[in-house]
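1. one predicted model, sequence on top.
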Amino acid sequence: MLVIVAIGAYSLAGDLGQLGDRLGGFGWWAFAATLALATTNYALRFVRWQLYLRHQDVRVPTGDSAIVFGSGLSLAITPAKLGELVKSYLLRELHGVAVTRTAPVVVAERVTDLIALLLVAVVGVALYGVQTTLVLGAAGLIGFGLALLAWPRPTRWLVDLVTRPARLRRLRAPLLEMYASLASLCGPTTLLAATAIAVPAWACECLGFGLIINAFPGAHCDIGLAFVIYAATTIAGALSFLPGGLGVTEGGMTLLLVSGAAHVERATAIGATLLTRLATLWFAVLVGLAFLAIARRKIARRAA
């Protein structure tokens, strides 16, 4: 925790007046382009969402599905984005779909997000040799999780152990049902198809990060290096289980831009980090809140 706090403090340190000067010469076209790339990220992930729903035999109108998916973005700020389980609640309220059928979809989305970011980071490590320890550690954790899905005996034993107390026993059946659905969603064919969608989706945001860095006067960072920095710090933020990876992601981005292979000026690095998070995380939350308001109105009309 002290390391996390230290990194977060580092990301916010520096001469704020110099940061203002750097932003004065910033090419704002790059920020607009990053917003467009982030929107493309959401569109591609919606395609994956539809793929998962079809796999679960959940049939809802495309418009309602888009509203539900968009609403989930409002909770991107939650630890590991698990607040996006609100999508299961909305599907139940709008169309009576059982939560046990759709909650595994949200978890499967996070799995393929991490795999996609890991693939991007692995390529970057091979080219630039940065964040090797983080990438290898993340690969180990993801591999362990996939092994549990492929080998049901220890996972079922763990569920049985956790639900042994009488007050938790009623949760055993739904948890085992959700585990079976998640294991199916992470089968080889579906996993490959979903990851093939997730990789270009997250590459869009990586590209936006690179555009923002290079839009500062005199700054230069190879796009490939920007990809690995964005992917690695996003993975670190997700695995920290802090809300939105706050502090970890920002601190990591700034630190790697200043002290890593990029050698970006401190004020520029802070500005690039803040603008990137505005155009990705906080833009997602804003879009999600708009969709959530629409979903709540539809639920209210349905109840009436």
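-> On my side now, so go ahead.

2. burial of residue 141, as a residue count?
-> By the criterion of other C-beta atoms under 10 Å, residue 141 has 14 neighbours. C-beta coordinates here come from the backbone N, C-alpha and C atoms, glycine included.

3. check residue 252 too.
-> Residue 252 has 29 neighbouring residues, counting by other C-beta under 10 Å.

4. check the spacing between it and residue 269 real quick.
-> Residue 252 sits 11 Å away from residue 269, going by C-beta to C-beta, to the nearest Å.

5. ok, now residue 70?
-> For residue 70 relative to residue 269 (C-beta to C-beta), the value is 32 Å.

6. again, but for residue 189
-> To residue 269, residue 189 is 42 Å away according to C-beta to C-beta.

7. who has more neighbours, these two?
-> Just comparing residue 189 and residue 269: by other C-beta under 10 Å the higher neighbour count belongs to residue 269, 28 against 8.

8. for the more buried one, give its distance to residue 210.
-> 13 Å.

9. give me the low-pLDDT residue ranges for this protein?
-> When residues are selected by pLDDT under 70, those of the chain lie in 1-21, 126-136, 138, 145-152, 154-155, 260-261.

10. list the buried residues for the longest helix along it?
-> Across the chain, the longest stretch assigned as helix under DSSP state H is helix 99-128. Within helix 99-128, the residues that count as buried by 16 or more other C-beta atoms under 10 Å are 100-109, 111-122, 124-125, 128.

11. now swap in stretch 200-216 and tell me
-> Of all the residues in stretch 200-216, those buried under the rule 16+ other C-beta under 10 Å are 201-216.

12. starting at the chain centroid, how far to it?
-> Distance of stretch 200-216 from its chain centroid, counting by C-alpha atoms, centre = their mean, to the nearest Å, is 15 Å.

13. just use 9 as the starting number from now, easier for me
-> Sure, I'll start counting at 9 from here, so that last one is stretch 208-224.

14. where do the helices sit along the stretch 9-158 of the chain?
-> With DSSP state H, counting those that start in this stretch, the ranges of helices along the stretch 9-158 of the chain come out as 10-20, 24-32, 36-63, 70-80, 94-103, 107-136, 140-158.

15. figure out which of these is closest to residue 305.
-> Among the helices of the stretch 9-158 of the chain, the nearest to residue 305 by C-beta to C-beta is helix 70-80 (9.9 Å).

16. the closest one to helix 94-103, inter-axis angle?
-> Relative orientation of helix 70-80 versus helix 94-103 (axes from the mean of the first three to the mean of the last three C-alpha atoms, to 10 degrees): 150 degrees.

17. quick one: contacts of helix 70-80?
-> Residues from elsewhere that reach helix 70-80 (C-beta atoms under 8 Å, 6 or more residues apart in numbering): 50, 53-54, 57-58, 61, 68, 91-92, 94-95, 98-99, 102-103, 114, 295-296, 298-300, 302-303, 306.

18. any of the residues you listed buried? List them.
-> In the contacts of helix 70-80, burial by neighbour count holds for 50, 53-54, 57-58, 61, 68, 91-92, 94-95, 98-99, 102, 114, 295-296, 299-300, 302-303, 306, counting by 16+ other C-beta under 10 Å.

19. you'd agree residue 170 is up against residue 184?
-> No: in this structure residue 170 lies outside contact range of residue 184 using C-beta atoms under 8 Å: 11.2 Å.

20. distance check, residue 50 against residue 84.
-> 10 Å.

21. hey, what's in contact with both of those two?
-> Shared contacts of residue 50 and residue 84 (C-beta under 8 Å, 6+ apart): residue 292.

22. quick check: closest non-adjacent residue to residue 129.
-> residue 239 (4.1 Å; C-beta to C-beta, 6 or more residues apart in numbering).

23. would you quantify the distance from the one you found to residue 263?
-> Distance check for residue 239 against residue 263: by C-beta to C-beta, it reads 15 Å.

24. kindly report the same for residue 224.
-> 17 Å.

25. equivalent analysis for residue 148, please.
-> According to C-beta to C-beta, residue 148 stands 23 Å off from residue 263.

26. higher neighbour count, these two?
-> Taking neighbours as other C-beta under 10 Å, residue 148 and residue 263 compare with residue 263 leading, 18 against 10.

27. which SSE is immediately downstream of the helix or strand that one falls within?
-> Residue 263 is part of helix 256-267 when elements are defined by DSSP states H and E. The element immediately downstream of helix 256-267 (helix or strand, assigned by DSSP H and E) is helix 274-285.
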